[in-house]
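Asks: 3D, please:
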Amino acid sequence: MCRLRDRRLPYRRAVLRGALGAGYALAALPVVAQTSIRTPADGLTAGEVMVPVGQESIPIYRAAPAGRTGLPVVLVISEIFGVHEYIADTARRFARAGYLALAPDLFVRQGDPQSYGELARLISELVAKVPDAQVMRDLDACIDWAAAHGGDAARVAVTGFCWGGRHTWLYAAHSARVKAAVAWYGRLEGERNPLQPRHPIDVVGDLKAPVLGLYGGADTGIPLVSVERMKAALAQGSPAARASTFVVYPDAPHAFHADYRPSYRQAAAEDGWQRCRDWLARHGVV
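Replies: Numbers count the residues shown, from 1 in each chain. Next up, the predicted model:
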């Protein structure tokens, strides 16, 4: 009986906290309302679905053109704040461009990131407890689900922001089903531990899909020396690693694509979005 309750726990949490993709995480406030982008859902099938992962299920925000199948698939990996309105809106932007976009709640087993008002507590009590291996399994399950629900498993891409940017690199090394990846200001190096045993710089020899890294030159958390070390490592990595590249926006801070935050930089965000779509198209995910 205890095991049964454990399997249902992600579903129960998802129900108790309300709709995925609604509102903003407390720790990310205040929202800069004048720059927040609002992408309409008309003409789309959009909302929460449950996706099986082994003996349990996780909630995912899904957005796709209504009534269409055989769609290219893009996995959208959130920031540390989880799948709130900004991530759901980003999924809808991909859907309006013709993609089946899936933004999974990768924190659901550890807790609800939107309930945390303090950034330090959110990181130490929740984010730091998410195993990389768990994230990889959940993303694998997303592709399986997409293949059975209107997606083309031969055209799969992954993109992610901050925490999700780091996992974008890792997943491009993990899955041979990924054809292209775009990492937005994801950490490249760091301390290793049993839950996070490797970082992007450690997996360049395993990269199976080329990665476009979109980074800010004024990002105080990811210094340019880290980007340069990653570039050097990529040059000695797999064929996909050698095909990877960076675009660094000199004056952009961390989270420059996050249109709801003061860190938003419109010019860099819009250029990065176009480069993201071009990268996916160049590598056949369109």
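Asks: backbone phi and psi for the most centrally placed residue in the chain, please?
Replies: Central residue of the chain (CA atoms, centre = their mean): residue 77, 1.4 Å from the mean position. Here is the backbone geometry of residue 77 (degrees, to the nearest 10): phi -100, psi 130.
Asks: and it, what are its bridge partners?
Replies: When bridges are called by DSSP bridges, residue 77 pairs up with residue 160.
Asks: now do the same contact list for it.
Replies: Neighbouring residues of residue 77 by CB atoms under 8 Å, 6 or more residues apart in numbering: 103-104, 106, 139, 158-161, 163-165, 167-168, 171. Where you see a C-beta, it was placed from the backbone N, CA and C, and this is true even at glycine.
Asks: show me where the stretch 51-200 of the chain has helices.
Replies: Remark: helices assigned in the stretch 51-200 of the chain by DSSP state H, counting those that start in this stretch are 85-96, 119-125, 132-148, 163-174.
Asks: deepest-packed of these, please.
Replies: For the helices of the stretch 51-200 of the chain, the largest average neighbour count (mean count of other CB atoms under 10 Å) is found in helix 163-174, namely a mean of 26.
Asks: who touches that helix?
Replies: For helix 163-174, contacts defined as CB under 8 Å, 6+ apart pick out 75-80, 106, 127, 132, 135-136, 139, 158-160, 178, 181-188, 198-200, 203-204, 206-211, 213, 240.
Asks: what's the angle between it and helix 85-96?
Replies: If you take axes from the mean of the first three to the mean of the last three CA atoms, to 10 degrees, helix 163-174 sits at 50 degrees to helix 85-96.
Asks: quick one: low-confidence parts of this protein?
Replies: 1-18, 33 (pLDDT under 70).
Asks: and if we set it to 80?
Replies: Low-confidence segments of the chain (pLDDT under 80): 1-19, 22, 24-31, 33-35.
Asks: please enumerate the strands of it.
Replies: Taking DSSP state E as the test, the strands found in the chain are 44-53, 56-65, 71-77, 100-104, 151-161, 180-184, 211-216, 245-249.
Asks: tell me the angle of the third one relative to strand 151-161?
Replies: For strand 71-77 against strand 151-161, the angle by the same axes, to 10 degrees is 30 degrees.
Asks: now strand 71-77, how far from the centre of its chain.
Replies: Mean-position distance between strand 71-77 and its chain equals 10 Å (CA atoms, centre = their mean, to the nearest Å).
Asks: now it against strand 56-65, angle please.
Replies: Orientation of strand 71-77 against strand 56-65 (the same axes, to 10 degrees) gives an angle of 130 degrees.
Asks: and the helices of the stretch 51-200 of the chain as CSV, adding distance to residue 30?
Replies: Supplementary listing: the helices of the stretch 51-200 of the chain in CSV, determined by distance: least, CB to CB, whole Å:
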stretch, distance to residue 30
helix 85-96, 13
helix 119-125, 13
helix 132-148, 29
helix 163-174, 21
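Asks: ok, now which ones touch the closest residue to residue 131 other than its chain neighbours?
Replies: Leaving aside its chain neighbours, residue 131 sits nearest to residue 195 (4.5 Å; criterion: CB to CB, 6 or more residues apart in numbering). Listed by CB under 8 Å, 6+ apart, the contact partners of residue 195 are 128-132.
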